[in-house]
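Chemist: Here's my sequence, what's the structure:
(chains A and B)
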Amino acid sequence: MTRADARFVAVAILSGVAISYMSDFRIFLATGAIITAVIARSLGFLYADTRMVSLCQMSLAGVGGWTVGWLTLNTGVPVEVALLLGGVAAVPVGVVVGLPALRLRGVDFAVVTLGFAAAIQVAVFNRGFPGTRTNFTVPRPSAAVSEVRFLWLALVVAVLLELGLRLLRRRSVGIRWALVGKSERATAAAGHSVVVAKLTAFAASAFVAGTAGGLLAIQIGRLSARQLEPFDSLVVFALTAMAGSASALGAALAGVLSSWMPELLRLLGWSQDIGPMIFAVGAAQVLSQGGSGIAGQWLALAARFGRRRAERQPDRPDIGHCPPPSVRMSGLMVEDLAVDYGSVRAVDGVSAEVRPGEVVGLIGPNGAGKSSLVDAVTGYVPVSGGWVGLGPDPLMGMPAHRRIRSGLARTFQRERTPTNLAVGQFLAVAGRNRTSVSQRDWLLALFDLPAPVTAIAQLDSAERRRLELVAAFSSAPSVALVDEPAAGLTDEESGRLGSALRAVTEEWGVGILLIEHDLRLVRQVCQSLIVLDRGVVIAAGPTQQALADPRVMASYLGVEGESP
Amino acid sequence: MIRSLAASLGSGAAYALFGVCIVLVYRLTGTLNFAITAVGAVGAFTMLVLVETGTAIVAAAAVAVAMGAAIGALMGTLFATWFRDSERLTRSTVTIAVLLGLLAAGFRVFGDNPRVARPFFGGRFEEIAGVRVTYDTAMAVLVALAVGTAASLVMHRTRVGIRLRAMAEDPVTAEVDGVPVGGLTVAVWGVSGAIAALGAILVGPSRPAAFAPLVFLLLPGLAAALAGRFSRVWTTLGTGFVIAFLEAHSGRFSDISRYRGTIPFLFILGLLLWQRRAESWDDAR
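Modeler: As a prediction, the model looks like this:
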């Protein structure tokens, strides 16, 4: 448990104590607020981390509540166990709804989930919850019959769910949610399956919502379809967006708003149906402001007082040596590779080899097919012909993340670091335990980056690009494919980058395929070159020799161009 | 079979029109508009209220379409002003909030009870091959086809169409090239609001509807738009009719008729699994 977790638990306990002194009716309302907060959290982390909009959270809660009702009516399962099973039952439902969305993003997911909310309403909920005909009500656990005791039960469940969620979000599985929300390409480049990342997020979200639904069923005895309409899922969504989707504080605020808005409207003598309109306007307003919500603004304000940029480690005159990771390095073989985009042949029969410890430059004018070649080798675009292998193992037919796991690494022309994570978190996910802490710190020092606790959002764009390189090397790859790392750097910066790249290859034996326009860097680090033009290799060989080739000067530098 | 087909034409026309609205706004302004049927429903219910108070049905319909256009244009102004530079996800998410707001406002103004819309032609019909086709149904189909034709013609044969397509491709570049992006955005939203109101009016006589169920005809509309990959008008129109037919036909089998409400969802599910079977990435290199 971290200090933040302890603070969260303390605040929850204090709130519980304060609420315990209220009237039974207020306690009932507060319990409802806690349950709504849990549902808001299930939706909020999904939106904040993975950028998936779910419009069926109340339906998932309904599945949990339905299950709890059915189990207590038809089996002798104690209600506490039924509550857990209610959450579990929502998981396969959430996963099945999520399946068609695996290749979809954000708002398309909203279409599927809204459809699901409407469908389960007519097919299941409208036909009655278990016990509707016999007036059966779900019993409360014997230890939590009174309102106060049930409040504490709900609070304990909510706190446990939140702590579980925090635990997951600190570990690789949860960090991948944030990574996939930022960029699917970067997730695959870190060697992780986009599908697994999304499915685990849906599953976690469904479990949390389903458990909350079970709590609701126990609180009021039996759910009714009227509480779980698609409209209610829309309300929860707007409420969460307005209150703040990214934090437990936002979820708690959403719970409070949902419970106290009707009270407030009653006090003002206004109609109840104004509530959802207020949430709708609030959500639209928040989204126009960047979307962090009320809680997000509070937290940003609080952070301003405590903010301190993580200190760089003091002067590092000598970075020193670092023992290589105990990983077998193999060479990359590319034979006769072809890539077609429709009728355009972007890469036409390219062969290349990168041996361990060797830096091979890949140069050529814009549109020559350099990045397409990297995409094809790493499995991001389908190839029309040829062969790619790492050592003796063929990589053909593997999805991108498995090629990365086999020992490739790559960076992108456009930087894709997840700004919602800390440096160390990103490296933990990208490194996949293939390098030690001291090796990671050596890489950070080598590329002149701040300590692992630093938030990536605090890094400037040049630092983020270097961080992407460190992420690539932290998986101890056999071969890293690096796309224009020196773009936009000054000569001095580019020189330091070159030394760092050399150090990684010399110390660890990593092979590098370097796409670069900066010929100073190319000459500094590359032992050999492959020159592409219009998808075809026009020259290959030792660096000086390839650069001196007249065809290279003609196509790449212009005939009249100065000698490189 | 033929009977199901005839029974489904009215709803089909409405689904088709909703689908076309979604396609137009998505294709041209990069926003998936979840609020489109809510805009249409506000128009249609305004018409019902007007008719109840004695306004002539055609005049009431005209007011309803104008209402749809006005709300649509208002939304367009909102998006052109505050969400110009927002990403697609944010803009579409805002329309979910607008959907919620319009639903809540609709409950408040029009109540929760189903109303029956009076048919335009007093229920007159022709018998074709032993199947009754009302004049209202025929008009609905004709309107849907006319809107589809007009949309294609405007997009591919006119100057405005060229500007719209330039805007769809890249609003910033289009603006630099002198395309009035702000005005066109508002216009697109306004037109889509008017079409949505038409759809909501036309579906009225074929089923008694409360406000919320009318709004949730969004789902068949979304399914149709999805089938047209949010860009093809005619595929979207056709799919609208297909979904309505599937619903009507399943209603003839008592075992599955109570599940007919799940058809749009199942359709969306199947369609997505088929369309997105190949691996794809979230953005360009």
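Chemist: Would you enumerate the residues in contact with residue 225?
Modeler: I went with chain A, as the question did not name one. Shown in contact with A:A225 (CB atoms under 8 Å, 6 or more residues apart in numbering or on different chains): A:Q121, A:F125, A:N126, A:G128, A:F129. (C-beta placed from N, C-alpha, C; glycine too.)
Chemist: wait, I meant chain B there
Modeler: B:G19, B:V20, B:I22, B:V23, B:Y26, B:T236.
Chemist: One more: B:A6?
Modeler: B:I128, B:V131, B:R132, B:V133, B:T137.
Chemist: Please check the contacts of A:A225 and keep the buried ones.
Modeler: A:Q121, A:F125, A:F129 (16 or more other CB atoms under 10 Å in any protein chain shown).
Chemist: Take those residues and lay them out in JSON lines including secondary structure.
Modeler: JSON lines is the format used below for those (DSSP: H, G, I helix; E, B strand; the rest coil):
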{"residue": "A:Q121", "secondary structure": "helix"}
{"residue": "A:F125", "secondary structure": "helix"}
{"residue": "A:F129", "secondary structure": "coil"}
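Chemist: Return only those of these found close to chain B.
Modeler: Within the set of the buried ones among the contacts of A:A225, contact with chain B (CB under 8 Å from any CB of the partner chain) is found for A:Q121.
Chemist: rewinding a little: can you flag which of the contacts of B:A225 belong to strands?
Modeler: Taking DSSP state E, every one of the contacts of B:A225 sits outside strands.
Chemist: Closest to chain B out of the buried ones among the contacts of A:A225?
Modeler: A:Q121 (7.6 Å; CB to the nearest CB).
Chemist: Pretty sure that closest one sits against A:F231.
Modeler: No - under the criterion of CB atoms under 8 Å, A:Q121 is not in contact with A:F231, lying 9.8 Å apart.
Chemist: For burial, what's the neighbour tally of B:V181?
Modeler: By other CB atoms under 10 Å in any protein chain shown, the residues close to B:V181 number 22.
Chemist: just to revisit the earlier point, any chance of the contacts of A:A225 in JSON lines with pLDDT as columns?
Modeler: Listed next are the contacts of A:A225 as JSON lines, based on pLDDT from 0 to 100:
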{"residue": "A:Q121", "pLDDT": "89"}
{"residue": "A:F125", "pLDDT": "89"}
{"residue": "A:N126", "pLDDT": "87"}
{"residue": "A:G128", "pLDDT": "85"}
{"residue": "A:F129", "pLDDT": "87"}
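Chemist: Adding distance to A:Q458, write those residues out as CSV.
Modeler: Output for the contacts of A:A225, formatted as CSV (distance: CB to CB, whole Å):
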residue, distance to A:Q458
A:Q121, 46
A:F125, 47
A:N126, 51
A:G128, 54
A:F129, 50
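Chemist: Which one (most neighbours) among the contacts of B:A225?
Modeler: Going by other CB under 10 Å, B:G19 tops these with 33 neighbours.
Chemist: which bits of the stretch 51-200 of chain A sit near chain B?
Modeler: A:51, A:53, A:55, A:99-108, A:110-112, A:114-116, A:118-119, A:121-123, A:127, A:183-185.
Chemist: Are any of these buried, and if so which?
Modeler: Here, 16+ other CB under 10 Å leaves A:51, A:53, A:55, A:99-108, A:110-112, A:114-116, A:118-119, A:121-122, A:183-185 buried among those.
Chemist: Give me the subset of these lying in helices.
Modeler: When these are checked against helices (DSSP state H), the matches are A:106-108, A:110-112, A:114-116, A:118-119, A:121-122, A:184-185.
Chemist: so which of the residues you listed comes closest to A:L223?
Modeler: Set against A:L223, the nearest of these by CB to CB is A:Q121 (12.2 Å).
Chemist: out of the ones in helices among the buried ones among the residues of the stretch 51-200 of chain A next to chain B, what pair is the most spread apart?
Modeler: The widest separation within those (CB to CB) is 39.1 Å, between A:V122 and A:R185.
Chemist: For the nearest residue to B:F18 once chain neighbours are set aside, which residues are in contact?
Modeler: Spatial nearest neighbour of B:F18, chain neighbours left out: B:G221 (2.9 Å); criterion: CB to CB, 6 or more residues apart in numbering or on different chains. Contact partners of B:G221, counting by CB under 8 Å, 6+ apart, are B:Y15, B:F18, B:G19, B:C21, B:I22, B:I36, B:T37, B:G199, B:G240.
Chemist: ok, now which ones touch residue 91?
Modeler: All of this refers to chain A. A:A203, A:A206, A:F207, A:G210.
Chemist: other chain: chain B
Modeler: Taking CB under 8 Å, 6+ apart as the test, what B:R91 contacts is B:G30, B:T31, B:F79, B:F83.
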